[in-house]
Each structure stands twice: as structure tokens, then as C-alpha cells.
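In: The sequence and its predicted three-dimensional model are supplied below.
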Amino acid sequence: MTVARFWRKIPQRYNLVGTKCETCGRHFFPPRTFCPDCRRNGKIVDHKFAGFGTIVTYSVIQTEPDQFASPGPYVLAIIKLDEGPQMTSQIICDPKDVKIGMRVRSVFRRIATDGESGIIHYGTKFVPVE
Amino acid sequence: MRDVAVIGVGCTKFGEHWERSFRDLFVEAGALALEDAKLAGEKIDAMYVGNMSAGRFIEQEHIGALIADYAGMASRHIPSTRVEAACASGGLAFRQAVIAVASGMEDIVVAAGVEKMTDVEPGASTDALTGAADREWEGFVGATFPGLYAMIATDYMHKYKMTREQLAHVAVKNHYNGARNPIAQFPTEITLDTVLKSTVVAEPLRLFDCSPITDGAAAVIVAPLERAKEFTDTPIKVLATAQASDSIALHDRRDISTLDATVAAGQRAFRMAKLTHKDIDMVEVHDCFSIAEICAIEDLGFCKKGTAGKFTADGETALGGKIPVNTSGGLKACGHPVGATGIKQVYEIVQQLRGEAGKRQVDGAKIGMTHNVGGTGATVAVHILGRV
């Protein structure tokens, strides 16, 4: 991945900035610049998400791609953010503890590395709410 | 619109073809289809080829021209078009060929599909396949393809209480069928234990829930139904062609374990053919993972939502069951060269309808269906074919 492809997503990936349609009030994460409901009548503005949500479904990835191989098997999940939209991310917890309906909050973490001397990609993961 | 018929089919053996190239594969499939239709190459008016990712798999783009060239069509300058919709590329290529003939623009059209996946190491092929989902918001955070379908399985099993054993029956049944198909990559029967004791890939999915990495090509030839008898005594009529799309990412779906694009394409196809699921004698569905077959047979209407696990374990989808599913062995046992799969499904149904399916023949088969999915359900193509 080139630096530009990663760099332009920094607001979304580091700070969970998505968008919101002011016409209908629907929130979007990942961000959309076009509201599928209001279409040309929609008015899209940036929206920073609070970072709290609930696990909708999950899997424990036991056969990891190389760039995700450290530190081993990881929990992949779809999280429904409290504002409405759903997103895919990793949950930092013991794989035995993850369950549907679990409350989680976002944290800033390393996501992947492009080999030993490549770019380190950071972004949002989630941890269980204590 | 004109009625359209399939007049010839051909398919390579599916598997790991270390000794053969991308070109070798599609030339063989094309030649077999032409021979089947007793057709000279000069009669071909146009070609459509389904291919997902030759750019990633063999570092070759511009596949339409390449195929026409090596099929000996370069000097005739016929139009040749690559069609891409991830794993549904083949289904869409077939649909484009049918539309071209139905519209009256072309007469004799080849629909082909080809993928050469073993020329890169497994990590690279897995990464290429991740491009069938949302790279920036799924792949980026570590969502592998097995991982995405595993999340469908987790959701499904939570909602409908399907057991792990019931899910394993999909793979056992597909391997039984694959063992009766001469082109299958894995023509071997397995037991429930084979599935349940295999390596975990992405919980709850194990290795034997997953379709393999495969090389292969398939080709079919379509023509106006009114001309079909010039070429074959057993033309197979295309009764319906349908296509639907949905959100690219799984997290944006209305329901994680329903493929709404399958529901939409299925309903459109039944409406176009003026048929219902009760009229279908056998169906080839897109079982890239065992859970995908469970969702598919429900979303197409063959059984009620939440019941496909029991329906499968009871043998209703096996040969001799209420609705035989994936008589070819499916993607699991027959193999899944992604761009070729949608065409191979048509190849299988045509063989069944002609009564040429050997040990996996469905008795008295008159009407068959194909269901080809791109990604986790962002594109679906459904076709209904029938004996004339």
C-alpha cells in the first residue's frame, strides 16, 4: 500500500470520523459522501463517533495472513456503533470471552505491518467495556 | 427478445495444473465446447469471458483480447469482452452472452470463465480474493474471506441454533457428489469426522468448510433457440437470467445471514421463467463455504429460513432428495477457479438436463438452476435452464 492511500484515511482510522446526513439524520461509518436514502437532497457533514458499540457477530481467525500474524489468532467482529452504523474491526480480548451482544469501546492500535521495514498501519480496534 | 439456447459446453478438469498455463486452460475448454456444438470457430460472433483477477494471479490484464487471440479469432477481429464481478464473474459472463443473443445483436456467442490461481503462493491468492470484499474497511482490519463467512456462520448459528454437525453435512454431501464427477478437484468421499477434525481456519469454520484454490476453465456456447437445432439435437433453453447487487461490505447488510441479492435475483429469475422453486429439479449453488450453501438454499426459497441445517442433514439436498444441490460437487469438492465457477455451474446443469451426468444423474431432470455469488453477496447471478 502506498503512503497516500493510507494517509488520506487518517481522520477516519485514527479518530473514527465518519459522516452524517443532516437531511435524514442517518450516520455513516465507514464514511459516505452520498446518502443512499436522500440521494441528491442529502446534506453530508463529518461526524466524530463516540466510539461505543455492541458486537453483532464475530469469528476467531486461526489462519492469519502474514501482515496480521503477530501476535497470533485474533478476534474479528462486526460492531454496531451506538449511533447506528456497523463496522468491521478486531476485538482485543481473550478469544474465549468474546460473545454476541458484548459492549465494546474503540481504542487506537497498530493494525498491520507491510513487512519488517514497511509502513506500520494504525487504526481503530475495540476492547470490552469494563 | 429472442429465446436463447445453450448449444455446446466444455470444461477442463479442475485442480492444481502446475504443468499448464492460463492460455492452455481456456483453449482446452473452448475447444471442447466447440466440438460439443459441432461448430467451426468461424461461426463465432462474440465472446464474453469471466475472470476475477488475472492481474493478481498471473500479472496479465486485457484478458478479452488474449482469449480471442489464442482461440484463433485475432484475424477475424470479433468482439471479446472480459467480465469481472469477483467470484460471480462467470455467471455474469454467461448473462452478457445471453443478453447479446436475446437482443438480436449477435447470433453465436461464447461465454467462458477461467482462473489460474496456483501461479502465486497461497498468501498472495488469499490476498487477491480479499479484493472481492471491501478492501479499505474489511480487508484492512484483518477480515479474510473465511473470516467474513465465519461471521455469517456465527450469526446464523446464534439465531437459528444450527449445530456444527448439521453444517458439516454440506461438505460431506458435496464430496459424495464430487466423487461421481470426472472433472472434480477432490473426487473423494469424506465423513463428518473429516470435517469436524480438520484445522480451524476461522471459527466456527474448518478447512473442510472451505472451497479450495483451483485452476480451471469452462466454456459454453449460446445461440438463438430457433437456430439451435442446426447444431445440436439437445438444445437447452435459457428460461431466465437474473442479476442483483447489494452492499460491498458485509457489515452494511440488512441481515448478516441473509443474502438479499440472492433473494432478489432468485425472485426475478422465477418471475421471468414463470416458475417456482417446486419446478426446479436440481440447483448448483455457490458453496464457497459450507455456510454459503445453507444461506443460498433458504434465500432461493427451497426451504424456510433457519431450517437448512436440518434439511441438509436429513438428506433432502442429496442425490435422490427433495432438491439435489450441487450435483457437481459444488465449489467445495469440484473446485473453485473463481472466474470459471459460474460457467461450470451451467456446464453441470446442461449435462444433467441432457441426461449425461453419469453416476450423479438426477432422474428425469427437466429444469435446473444456477446461483453464482460475488464476494459475500454483493453480486448474485441466477439462471434457470430447461429441456426443450
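Out: Now that the structure is in, tell me what you want to look at.
In: going forward, measure contacts and count neighbours with C-alpha atoms only.
Out: Will do.
In: Nearest to chain A: which residue in chain B?
Out: B:Ala202 (4.4 Å; C-alpha to the nearest C-alpha).
In: Setting aside sequence-adjacent positions, which residue approaches that residue most closely?
Out: A:Ile61 (4.4 Å; C-alpha to C-alpha, 6 or more residues apart in numbering or on different chains).
In: How about A:Pro95?
Out: In this structure, A:Pro95 finds its nearest non-sequential neighbour in A:Val75, 6.1 Å apart by C-alpha to C-alpha, 6+ apart.
In: hey, what's the one you found bridged with?
Out: On the basis of DSSP bridges, A:Val75 is bridged to A:Val60, A:Ile91.
In: Per-residue pLDDT of it, please?
Out: A:Val75 carries a pLDDT value of 98.
In: Quick check, it in contact with A:Ile92.
Out: Yes - the criterion here is C-alpha atoms under 8 Å, and A:Val75 meets it with A:Ile92 at 7.0 Å.
In: Of the two, give the one with the bigger neighbour count.
Out: A:Val75 (23 against 17; other C-alpha atoms under 10 Å in any protein chain shown).
In: can you tell me which residues contact that one?
Out: By C-alpha atoms under 8 Å, 6 or more residues apart in numbering or on different chains, the contact set of A:Val75 is A:58-61, A:90-93, A:95, A:98.
In: which one of those is nearest A:Thr113?
Out: A:Thr113 has its nearest neighbour among the contacts of A:Val75 in A:Gln90, at 15.3 Å by C-alpha to C-alpha.
In: got a list of what the residue in chain A that chain B sits nearest to touches?
Out: Of the residues in chain A, the one nearest chain B is A:Ile61, at a distance of 4.4 Å by C-alpha to the nearest C-alpha. Listed by C-alpha under 8 Å, 6+ apart, the contact partners of A:Ile61 are A:73-76, B:147, B:201-203.
In: Residues of chain A that sit close to chain B?
Out: Within chain A, the positions adjacent to chain B are A:30, A:56-63, A:65-66, A:68, A:76-78, A:85-90, A:111-112 by C-alpha under 8 Å from any C-alpha of the partner chain.
In: now with 6 Å?
Out: Within chain A, the positions near chain B by C-alpha under 6 Å from any C-alpha of the partner chain are A:57-63, A:86-89.
In: Which ones among these lie within strands?
Out: A:57-61, A:86-89 (DSSP state E).
In: what number of residues lie near residue 89?
Out: Since no chain was named, I'll use chain A. Around A:Ser89 there are 25 residues (other C-alpha under 10 Å).
In: my bad, chain B
Out: 33.
In: Report pLDDT for it.
Out: 98.
In: Am I right that it is in contact with B:Gly339?
Out: Yes - look at B:Ser89 against B:Gly339 with C-alpha atoms under 6 Å: they come within range, at 5.1 Å.
In: Return every residue with contacts to both of those two.
Out: By C-alpha atoms under 6 Å, 6 or more residues apart in numbering or on different chains, B:Ser89 and B:Gly339 have these common neighbours: B:50-51.
In: Not counting sequence-adjacent ones, nearest residue to residue 37?
Out: Just so you know, I chose chain A. A:Cys24 (8.0 Å).
In: Sorry, I should have been clearer: chain B.
Out: Nearest non-adjacent residue to B:Ala37 (C-alpha to C-alpha, 6+ apart): B:Gly8, at 4.3 Å.
In: Looking at strand pairing, list the partners for that neighbour.
Out: Beta-bridge partners, per DSSP bridges, of B:Gly8: B:Ile221.
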